[in-house]
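Chemist: Dropping the sequence and predicted coords here.
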Amino acid sequence: GLMWLQHGGNLRHATEQNDGVSRYGWLMHDGENFGVQEIRDEGLVLRTEFVKQPGGDHGGDWSWRVTAKMEGKGPAPLLSLFFYVATDGQGTLRPVLENGTRLAAVAGTAEELGDFTLTFLPPTGEGGEGPKYA
């Protein structure tokens, strides 16, 4: 899952009507292999995109990208994104650290999937440069 927090704002975990989020929803989705979702929250535009490559014994490989930008002009507030993972029922999760500090992946085992790895690429800013904080 994904949670987000703008400096001075509320920690968000979900979007529902009447919760102050100005707009949210799927922009494109085929119900199976890809989707693009946009959330607009107090000038912040969060976009999540996923694509599935079929194959293997458990449905295929998934890729997910999250981008964040501010609408309009002015300085962007400090933004924190929180990613979390869990297994339903029986399963195990193990963090994989890079240089002992950065979460590079989560390795795990689940009844339905067998062994799996969720990999986090280093964050990038526009133009491919690294963000100020990560």
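Modeler: Received the coordinates, thanks. Numbering: from 1, shown residues only.
Chemist: so who does the spatially closest residue to G72 that is not a sequence neighbour touch?
Modeler: Excluding the flanking residues, the one nearest G72 by Cβ to Cβ, 6 or more residues apart in numbering is G43, at 6.3 Å. In this view, the C-beta of every residue, glycine as well, is placed from N, C-alpha and C. Taking Cβ atoms under 8 Å, 6 or more residues apart in numbering, we find G43 in contact with 70-72.
Chemist: tell me which of those is nearest to V21?
Modeler: Lowest distance from V21 to the contacts of G43 (Cβ to Cβ) belongs to E71, with 13.3 Å.
Chemist: just checking, the closest one touches R40?
Modeler: Yes - in this structure, E71 is within contact of R40 by Cβ atoms under 8 Å, at 7.4 Å.
Chemist: More neighbours: these two, which one.
Modeler: Shown here are E71 and R40; by other Cβ atoms under 10 Å, R40 has more neighbours (16 against 11).
Chemist: Wait, that one touches G25, no?
Modeler: No - applying Cβ under 8 Å, one finds R40 not in contact with G25, separated by 9.8 Å.
Chemist: Quickly list what's touching both of the two.
Modeler: When contacts are counted by Cβ under 8 Å, 6+ apart, R40 and G25 are jointly contacted by no residue.
Chemist: Which of the three states applies to A105?
Modeler: Of the three states, A105 takes strand under DSSP: H, G, I helix; E, B strand; the rest coil.
Chemist: Neighbours of it, how many?
Modeler: That count, for A105 with other Cβ under 10 Å as the rule, works out to 15.
Chemist: swap in W4?
Modeler: For W4, the number of neighbouring residues by other Cβ under 10 Å comes to 19.
Chemist: list the contacts for it?
Modeler: Neighbour list for W4: 11-12, 41, 44, 46, 68, 79-82 [criterion: Cβ under 8 Å, 6+ apart].
Chemist: Nearest to V21 among these?
Modeler: D41 (4.9 Å).
Chemist: I'd guessed E38 sits against L27; true?
Modeler: Yes - contact between E38 and L27 holds when scored by Cβ under 8 Å: they sit 5.5 Å apart.
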